[in-house]
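Peer 1: coordinates only, sequence not included:
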Ligand code: NAP
C-alpha cells in the first residue's frame, strides 16, 4: 500500500483557519493577541523567517510588531527592548530570532523574556513546565508541530515505541518530553538517540514512529526503517542542484524516495514539519493572550 503522505502544508492551513476563528472571537471581546518578533543583524535567512512570521500574523489577524535592529545593537540595548515588550500590554508573545550576532549572550536574552510571553518555549520556566506536565507552559514550536502532525494524521502514540534521533533543546529533547507525557498525542515509550548512540541503525529500525532532527541530508535510508513505521523528518538541508535555477534544493534528514515505500506514513521536505512550526508560533501567541489575566 502506498504510504500516507502527511502534508504539513494542509494541516497547518487547518490549524491557522481554527486560530483565525479564535482570534475573531477574542477581538470581539476586545482582546487582540499580539506578537513581537525581534531581529538583530542582517542574516538573510533570519530576515526572511522574521518577515514570514510577520506576514502570517497579518494574514490571520494577529497584532504584530517587527523590530529589525542593527548588528551593532549591544546586549544592554537588546535587553531594554525586551523589557519594554515585557511591559507592553498589546504584546502577548516575544520572539528574539536565533541566532543573534556573536556578541549577544542568547541565554541571557531568553532569561530576560517574561515566561508568560515566551512563545518560543525556551525559558527554563517553560522547559520545567513541559517536564512536569503543566499545560500552562509554552512548548517549542517545532516539536509541538510534530506532535500535532501525528495527532492530525491519526497516528496512535500511546504504547508505541517512538525513537527521536537528535537531542537538541530546540527539537529532540522537548519532543521526547511531549511523547512521554500523559494523554492524547503522548503516552509513548521513548528512546532518544544521538551521535554517541551505539548501534544507531538498529535503534532506528526498532521504532514504530521515527522522528529525525539531526541536520544531515538524506541520513536515514530504507534499511534504517522497519516496514510500516511512521517517519517524521524535521531536517532542512540545502544540497547542490544544477537543474534548479537557484543552484540548490531543500532535502530532509530522511531519504524520502528510498524510505517512503516502506513507511506507513511519512512527512515530505519541504511541506512537512516546516509549515507547522510557524503555525504553532501563532497558536502559542493566541494561548499567551488567552492566559493573560489567568496566571497562577
Ligand atoms: P542541532 O542543535 O545541531 O542538533 C542535532 C542533533 O543531532 C544533536 O543532538 C546531535 O547529536 C545529533 N546528530 C548529529 N549528527 C548525528 C549523527 N550522525 N548520528 C546521530 N545523531 C546525530 O540541530 P537542531 O537545531 O535540532 O536541528 C536539526 C535539523 O532540524 C536541522 O536540519 C534544522 O535545520 C532542522 N530544523 C527544522 C525546523 C523546521 O521548522 N522544520 C526547525 C528547527 C530545526 P549530539 O547531541 O550527540 O551532538
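Peer 2: That came in fine, so what should we check first? Just so you know, these numbers come straight off a predicted model, no measurement behind them.

Peer 1: where's the spatially closest residue to residue 62 that is not a sequence neighbour relative to residue 60, distance?
Peer 2: In space, and not counting its chain neighbours, residue 62 is closest to residue 33: 5.2 Å by Cβ to Cβ, 6 or more residues apart in numbering. For every residue, glycine as well, the C-beta is placed using N, CA and C. Distance of residue 33 to residue 60, given as Cβ to Cβ, to the nearest Å: 9 Å.

Peer 1: on that earlier part again, how about the backbone phi and psi for the residue nearest to residue 62?
Peer 2: Torsion angles at residue 33 (phi, psi; degrees, to the nearest 10) stand at phi -60, psi 140.

Peer 1: pretty sure it contacts residue 289?
Peer 2: Yes - in this structure, residue 33 is within contact of residue 289 by Cβ atoms under 8 Å, at 3.6 Å.

Peer 1: hey, what's in contact with both of the two?
Peer 2: Common contact partners of residue 33 and residue 289 (Cβ atoms under 8 Å, 6 or more residues apart in numbering): 26, 92.

Peer 1: okay, the two: which has more neighbours?
Peer 2: Taking other Cβ atoms under 10 Å, residue 33 and residue 289 do not tie; residue 33 has more neighbours (29 against 23).

Peer 1: Just list the residues touching that one, thanks.
Peer 2: 23, 26, 62, 63, 92, 93, 285, 286, 288, 289.

Peer 1: check contacts around the second one.
Peer 2: Contact partners of residue 26, counting by Cβ under 8 Å, 6+ apart, are 32, 33, 286, 289, 290.

Peer 1: tell me which element it is part of?
Peer 2: helix 8-28 (DSSP states H and E).

Peer 1: and the residue nearest to residue 62, how far is that from the ligand?
Peer 2: For residue 33, the distance to the ligand (Cβ to the nearest ligand atom, to the nearest Å) stands at 21 Å.

Peer 1: Ok, residue 13 next?
Peer 2: 16 Å.

Peer 1: Going forward, the N-terminal residue is numbered 50.
Peer 2: Sounds good: first residue 50 from here, last item residue 62.

Peer 1: burial count for that residue?
Peer 2: Count around residue 62 with other Cβ under 10 Å applied: 13.

Peer 1: which residues touch whatever residue of the stretch 50-199 of the chain ends up closest to the ligand?
Peer 2: Relative to the ligand, the nearest point of the stretch 50-199 of the chain is residue 191 (4.0 Å; Cβ to the nearest ligand atom). Residue 191 is in contact with 219, 220, 224, 262, 283, 322, 325, 326, 329, counting by Cβ under 8 Å, 6+ apart.

Peer 1: what about the helix or strand harbouring it, average pLDDT?
Peer 2: Per DSSP H and E, residue 191 falls inside helix 190-201. Helix 190-201 carries an average pLDDT of 98.

Peer 1: do the same with stretch 76-89
Peer 2: For stretch 76-89, the mean pLDDT works out to 97.

Peer 1: Those residues of the stretch 50-199 of the chain touching the ligand, which are they?
Peer 2: residue 191 (Cβ under 6 Å from any ligand atom).

Peer 1: Any stretches of the stretch 50-199 of the chain with poor pLDDT?
Peer 2: Across the stretch 50-199 of the chain, nothing is flagged by pLDDT under 70.
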